[in-house]
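Here is my input; please provide its structure:
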Amino acid sequence: QVQLVQSGGGLVQPGGSLRLSCAASGFTLDDRAVGWFRQAPGKEREGVLCISSKGESTYYTDSVAGRFTISRDNAKNTVYLQMNSLKLEDTAIYYCAVRHRGYYYCSGYGHHYDWWGEGTQVTVDS
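Predicted coordinates for the structure are as follows:
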């Protein structure tokens, strides 16, 4: 059974850090791109960051550059989103998404991704 399990969200104060995890089962991540998207209340879903199968990162939201990083551990079949210096406007539900096998490169379009995690809430609040 193909499944993406997310973990690591929660409540954090401005300036704090969180690390989100996206663990896959039923398929391997090493030959496909994995992206993180987010949806804030009342806003459309937006691409945040993506990592290609070769480990190259692509930012889709300028506001997170220099604060968020993405990495992958193929041995654990897991992709991580490290979020530092969190701001109030980072509050959203964060989703990991995986492209079809053989699609090694990133895309900022959600419809290019075939599997999605269940979402995890990240709340930045003082």
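
contacting residues for Ala92?
Ala92 makes contacts with Arg38, Gln39, Ala40, Pro41, Lys43, Val122, as judged by C-beta atoms under 8 Å, 6 or more residues apart in numbering. In this view, the C-beta of every residue, glycine as well, is placed from N, C-alpha and C.

Surely the fourth one is in a helix?
Just to be clear, that refers to Pro41. No: looking at Pro41 with DSSP: H, G, I helix; E, B strand; the rest coil, it is coil, so not inside a helix.

Now do it, the pLDDT please.
Pro41 is assigned a pLDDT of 92 by the prediction.

which residues sit in contact with it?
Thr91, Ala92.

re earlier: just the closest of the contacts of Ala92 to Ser21, please.
Minimum separation from Ser21 among the contacts of Ala92 (C-beta to C-beta) is found for Val122, which lies at 12.7 Å.

tell me the contacts of Pro14?
Contacts of Pro14 (C-beta under 8 Å, 6+ apart): Leu86, Lys87, Leu88, Val124, Asp125, Ser126.

related to what we said a few turns ago, just the buried subset of the contacts of Ala92, please.
Buried residues within the contacts of Ala92, counting neighbours by 16 or more other C-beta atoms under 10 Å: Arg38, Val122.
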